[in-house]
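Colleague: when you get a sec, could you give me coordinates for this:
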Amino acid sequence: MRAIRVASAALLGVTALTLASPAAHAAVTDNSVTSFGFSVVPSTIAAGGQVTLRVDNCNDDTRVSSGVFDPVTIPKGQSSTTAKVDWDAEPGAAYRVTFTCGGENGHTDLTIAGGNSGNPTHYPVPIQRGVHAGEGGSVAGFDLKEIGLGAALIAGSLAVAYHFSRRGTGGDNA
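Modeller: So this is what the prediction gives:
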């Protein structure tokens, strides 16, 4: 009977430890979340068209680059500039546009409109995006609420395990 009590207490302790540990605390960081705002207007455009590049809350010059237009700079104090999309941009493709402000990067996609007015049966090529390797990370820092809750659960499970292991030691085997 004592073995059942000890096994139950051990199982309770393992369960408490499992629930107290943060489940997959590593989170994927998204480079599109920055301390400054940015956008490309319009987000879908025909090859050869002109886009407006906007930035908010950046206290430095903002460099904007993409594989579909020449790099441009939005000077400190201004909120927008324009860029001309290359004529040879692939219809239906999505190009990454990167905004760099004070060493911080953010990105969004610019899609090239598909179709050809001379060929109405032409459909845009589906957007193909591969894995963006190297953009993951883990959340740094400690959450005191989680640490406190985990410590409380561990202490409680140890107290219960101790209580069950000490209960009935007086020779009561029935």
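Colleague: go through this protein and flag its longest helix.
Modeller: When the chain is parsed with DSSP state H, its longest helix is helix 144-166.
Colleague: what is it packed up against?
Modeller: Counting by 3 or more C-beta pairs under 8 Å, 6 or more residues apart in numbering; DSSP states H and E, the packing neighbours recorded for helix 144-166 are helix 2-20. (Glycine included, C-beta is placed from N, CA and C.)
Colleague: following element in sequence after the helix it packs on, please.
Modeller: Next in sequence after helix 2-20, counting helices and strands by DSSP states H and E, comes strand 37-41.
Colleague: give me the next element, helix or strand, following that next one.
Modeller: Counting by DSSP H and E, the element after strand 37-41 in chain order, helix or strand, is strand 44-45.
Colleague: got the angle for the helix or strand just after that following strand vs strand 37-41?
Modeller: Moving toward the C-terminus from strand 44-45, the first helix or strand encountered (DSSP H and E) is strand 50-56. Taking axes from the mean of the first three to the mean of the last three C-alpha atoms, to 10 degrees, one finds strand 50-56 and strand 37-41 inclined to each other by 170 degrees.
Colleague: please renumber so the chain begins at 20
Modeller: Will do, 20 is the new start, and the previous item becomes strand 69-75.
Colleague: which strands and helices sit next to strand 69-75?
Modeller: Taking 3+ C-beta pairs under 8 Å, 6+ apart as contact, the helices and strands that strand 69-75 lies on are strand 56-60, strand 81-85, strand 88-93, strand 99-103, strand 113-120.
Colleague: and those as a markdown table, adding distance to L168 and mean neighbour count?
Modeller: As requested, those are arranged in a markdown table below (distance: least, C-beta to C-beta, whole Å; neighbours: other C-beta atoms under 10 Å):
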| stretch | distance to L168 | mean neighbour count |
| --- | --- | --- |
| strand 56-60 | 35 | 17 |
| strand 81-85 | 42 | 21 |
| strand 88-93 | 45 | 15 |
| strand 99-103 | 47 | 15 |
| strand 113-120 | 38 | 20 |
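Colleague: those: which one's closest to G167?
Modeller: With C-beta to C-beta as the measure, strand 56-60 is the member of these nearest G167 (35.5 Å).
Colleague: run me through the strand neighbours of the closest one, direction for each.
Modeller: Taking DSSP bridges as the criterion, strand 56-60 forms sheet pairs with strand 69-75 (antiparallel).
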